[in-house]
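Q: After the sequence you'll find the predicted model.
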Amino acid sequence: MNTQANQFYKEPWFGIVLTVLFFPAGIYVMFKFGPWRKRTKTILSIVLSLICIVVWTIAGLAPASSNPGVGETWLSSGAQKTVTVKSSLSFSVDAKGHVRLKGHVNLPDKTKLHVTLTHANTVVGDNVTVSDETWKTAALTSDNQPLAPATYKVHVTSLPWSQQSDSVVAKLGKGGKQLRGSETIKTHAGRAIDLRQSVTYEP
């Protein structure tokens, strides 16, 4: 169990919710039933309003969450949208007989991935970069020979976030906190792409 995630009362949004719920109620009760003079009530209302503004300011500067992938603030994190990762894989062969693995994925341009293919004793890999939601490996070879027809286990992972471009981090959040879906996993550094699929190569 992720006890950190369950400690919602430590999150900045929890303080905001309490402020929004109880501040108007407190003002109403004070004016309705308070024994003070109207001037005193007005001064107290102004003071409470200033306190409310301070709370919002602190929340705007606080991390969005106590979970991995912090960095964006609670108020600014709303500008980012979650990305439910969806992808597909296929082999392609060019006129020279070069075998490549091609993938389609709804990730931002410049997202860096690592692709590994395994079959029996054959293990090949390549680093790829997403462009127009597409990536393609270099020509895949084993012992300097084109990849043999077979069903390969494919494992696609994202490179460390320290190696991703600022534009990618801006869209996926620090530590990939905006990533969602069955093709992602949680790690000590946040969230990461973790696609595992079998693909058959038939020339």
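A: Thanks, I have it.
Q: Contacts for the longest strand along the chain next, please.
A: Within the chain, and with DSSP state E defining each element, the longest strand by residue count is strand 190-201. Contacts with strand 190-201, where a contact means CB atoms under 8 Å, 6 or more residues apart in numbering, come from 68-69, 85, 87, 89-91, 99, 101, 105, 107, 113, 147-158, 161, 174-177, 179, 183-185. (Glycine included, C-beta is placed from N, CA and C.)
Q: of the residues you listed, buried ones?
A: 68-69, 85, 87, 89, 91, 99, 101, 105, 107, 113, 147, 152, 154, 156-158, 161, 174-177, 179, 183-184 (16 or more other CB atoms under 10 Å).
Q: per-residue confidence for Gly125?
A: At Gly125, the model reports a pLDDT of 94.
Q: where does this protein dip in pLDDT?
A: By pLDDT under 70, the weakly predicted segments of the chain are 1-23, 25-36, 38, 41, 55-80.
Q: where exactly do the helices run in it?
A: 3-6, 12-33, 38-61, 166-172 (DSSP state H).
Q: Next, the buried residues of the last one.
A: Burial within helix 166-172, assessed by neighbour count using 16+ other CB under 10 Å, is assigned to Val168, Val169, Lys171, Leu172.
Q: if I pick the closest residue in space to the third one that isn't next to it in sequence, what's in contact with it?
A: This points to Lys171. Nearest non-adjacent residue to Lys171, counting by CB to CB, 6 or more residues apart in numbering: Pro108, 4.6 Å away. Applying CB under 8 Å, 6+ apart to Pro108 gives the contacts Val130, Ser167, Val168, Lys171, Leu172.
Q: Report the buried residues of the longest strand of the chain.
A: In strand 190-201, counting by 16+ other CB under 10 Å, buried: Gly190, Arg191, Ala192, Ile193, Asp194, Leu195, Val199, Tyr201.
Q: for Thr184, what are its contacts?
A: Contacts of Thr184 by CB under 8 Å, 6+ apart are Val85, Gly176, Arg191, Ala192, Ile193, Asp194.
Q: beta partners for the fourth one?
A: Here Ala192 sits in beta bridges with Ile185, as judged by DSSP bridges.
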